[in-house]
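**Q** can you look at this prediction? I've put the sequence above it.
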Amino acid sequence: MTQPIDAPANDTLSLPEAASRLLGLRAVLFDLDGVITPTAEIHMHAWAKLFSAELAARGITEPYTDADYFQYIDGKPRYDGVRAMLASRGIVLPEGSPSDAPELETVCGLGNRKNSVFTAVLEEDGIAPYPGSVAFLDAVERAGLQVAVVSSSKNAEVVLRAAGLRDRFGVVMDGVVAAHEGIAGKPAPDTYVEAGRLLGCSPAECVVVEDAHSGVQAGRSGDFGLVLGVDRGIGHQALIDAGADVVVDDLEELVAPLIEASPAPQTPTAPHDSSEDQA
Ligand SMILES: [Mg+2]
């Protein structure tokens, strides 16, 4: 993967500006994969487990590697990745159908098996959320903002449980809920709008936090109060171009500005001589 060179961003907010705008809003809507949890690593691990076993079972000696993941699977819809990976080793399987059991030797069966492996790996190993994201979550909650998760994934519930964070979010708008309710996915803003509505907030009162181009676009086109990009490798400029108001490499960067921009806590004691405290 190549990264675009980060160009200076003249029209984005500084961290103190972003923090103070954020404190004027009412809710923070978090994407999950890549924002709260490093889920991509688990996906890669699950693909490796699936194809290492599959190639071995077929007596193919050229092993599955991470290079295969980046060449044939990364960024594609699941079944397209399966088909391309199999073709790289000269294997052609029937397509099957998305309802195929994971045991079936079809393109869809293998794709579904990958998802079973993914959830099993998560449940066995758990997943550590990004520490900076947890610190940011703590800071916005301390500041009195509400929080929700808005994810395209159908695995959001299992990822949040594996990360030990399920209880932190009253609203989880994920791929299962969106499909059930017929809500358009990202880059349409609809899942973010609906999560905000469930918290009693208009888009203008919400922050969208995203690491993907399509998710930032959703925040921009929905006229949210703040669109916060998290650069996990796509490049700052790509997120700015998609419509982010500010981009960070890690949400930890906003924790100190949030504390600094927060109104001073009310103290019950009378103010004393101002010359002492203002250093
Ligand atoms: Mg993401």
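**A** Cool, got the structure.

**Q** the closest residue to residue 153 other than its chain neighbours - how many residues pack around it?
**A** Excluding its sequence neighbours, the residue lying closest to residue 153 (CB to CB, 6 or more residues apart in numbering) is residue 175, at 5.3 Å. To be clear about C-beta, it is placed using only N, CA and C from the backbone, and glycine gets the same treatment. By the other CB atoms under 10 Å criterion, the neighbourhood of residue 175 contains 16 residues.

**Q** need the contact list for residue 175.
**A** By CB atoms under 8 Å, 6 or more residues apart in numbering, the residues touching residue 175 are 151, 152, 153, 154, 155, 156, 185.

**Q** wait, a strand at residue 172?
**A** Yes: counting by DSSP: H, G, I helix; E, B strand; the rest coil, residue 172 is found in a strand.

**Q** quick one: buried residues of the least confident helix or strand in the chain by mean pLDDT?
**A** Lowest by mean pLDDT, DSSP states H and E among the helices and strands of the chain is helix 175-181, with a mean of 90. Buried residues in helix 175-181, counted by 16 or more other CB atoms under 10 Å: 175, 177, 178.

**Q** got a list of what the second one touches?
**A** If I follow you right, that is residue 177. Going by CB under 8 Å, 6+ apart, residue 177 touches residue 183.

**Q** how much space between it and the ion?
**A** Using CB to the ion, to the nearest Å, residue 177 is found at 17 Å from the ion.

**Q** quick one: which of the contacts of residue 175 is nearest residue 216?
**A** Nearest to residue 216 among the contacts of residue 175, counting by CB to CB, is residue 152 at 13.4 Å.

**Q** SS state for the closest one?
**A** Per three-state DSSP, residue 152 ends up coil.

**Q** got a list of contacts for stretch 35-48?
**A** 30, 32-34, 64, 66, 69, 73, 81, 114-115, 117-118, 121-122, 125, 127-130, 133-134, 137, 149, 153, 159-160, 163, 165, 209-211, 230, 251.

**Q** with stretch 232-251 instead?
**A** 1, 3-7, 9, 12-15, 17-18, 21, 34-35, 130, 132-133, 135-136, 209-214, 216-217, 219-221, 226-231, 254.
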